[in-house]
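J.: only geometry, no sequence info:
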């Protein structure tokens, strides 16, 4: 009898949670719990940045040069001007760290390491492996990390189209998403 009550309680109160996850992956979702549920994020500044409450990292919601369109829940920008080589990505991140003018109200933005960047891969999404509620559909793409491959010049990157981690030449062109550590 107790098992039956527990099962009814679980099904009744869990269903809204699973239904809310449906928006995370508009296409090709895998039947599993979300790895980056929307409730894990705090949305700030009219949607320009989000804080991952689990990791304590604040992310720019859109790739560099893109802006958040709240009405369509996506990032808007030009994919050509948003792509850059690794040296340019480092320069942008460094310029924001030492700049007198704050970017999105903060001066300590940086290029994420591979573990930080991988922490926002949505494993529930089989296609476009990023939480669409948090980062929008245009968040899917290949992004730079600041992590070198040991003993080589290659750089680690995350492909949010498939959720895979990989390596690439620093001269190739990828997207940039900035991160900062939130201090308590």
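T.: The structure has been received and is ready for your questions. Source: prediction; values computed, not measured.

J.: And the helices in the chain?
T.: In the chain, the helices defined using DSSP state H lie at 2-21, 79-82, 86-98, 114-118, 132-135.

J.: rank these by pLDDT, which is bottom?
T.: Lowest mean pLDDT within these: helix 2-21, at a mean of 38.

J.: what stretches of this protein score poorly on pLDDT?
T.: 1-22, 45-46, 96-101, 183-184 (pLDDT under 70).

J.: Going by neighbour count, list what's buried in the lengthiest strand in it.
T.: Using DSSP state E to define each element, the chain has its longest strand at strand 142-148. Neighbour counts over strand 142-148 (16 or more other CB atoms under 10 Å) mark 142, 143, 144, 145, 146, 147 as buried. Every C-beta, even on glycine, is put in place using the N, C-alpha and C of the backbone.

J.: same deal with stretch 152-163?
T.: 154, 155, 156, 157, 158, 159, 160, 162, 163.

J.: can you check stretch 114-133 too?
T.: Residues 114, 116-122, 124-125, 128-133 are the ones in stretch 114-133 that count as buried (16+ other CB under 10 Å).

J.: just curious, which of the buried residues of stretch 152-163 is nearest to residue 94?
T.: Checking the buried residues of stretch 152-163 against residue 94 with CB to CB, the nearest one is residue 155 at 15.5 Å.

J.: Can you tell me which residue is spatially central in the chain?
T.: Closest to where the C-alpha atoms of the chain average out (CA atoms, centre = their mean) is residue 120, at 4.6 Å.

J.: Help me confirm that that residue comes into contact with residue 129.
T.: No. Assessed by CB atoms under 8 Å, residue 120 is found out of contact with residue 129, at 9.5 Å.

J.: So what's the residue count around residue 138?
T.: As a burial measure, residue 138 scores 22 neighbours (other CB atoms under 10 Å).

J.: hang on, it packs against residue 73?
T.: No. Counting by CB under 8 Å, residue 138 stays clear of residue 73, with 10.1 Å between them.

J.: Bridged to residue 125, which residues?
T.: Beta-bridge pairing of residue 125 under DSSP bridges involves residue 29.

J.: For it, which residues are in contact?
T.: Counting by CB atoms under 8 Å, 6 or more residues apart in numbering, residue 125 touches 24, 25, 28, 29, 30, 131, 132, 163.

J.: Please list all residues in contact with the second one.
T.: Applying CB under 8 Å, 6+ apart, one finds that residue 25 lies in contact with 122, 124, 125, 126, 127, 128, 132.
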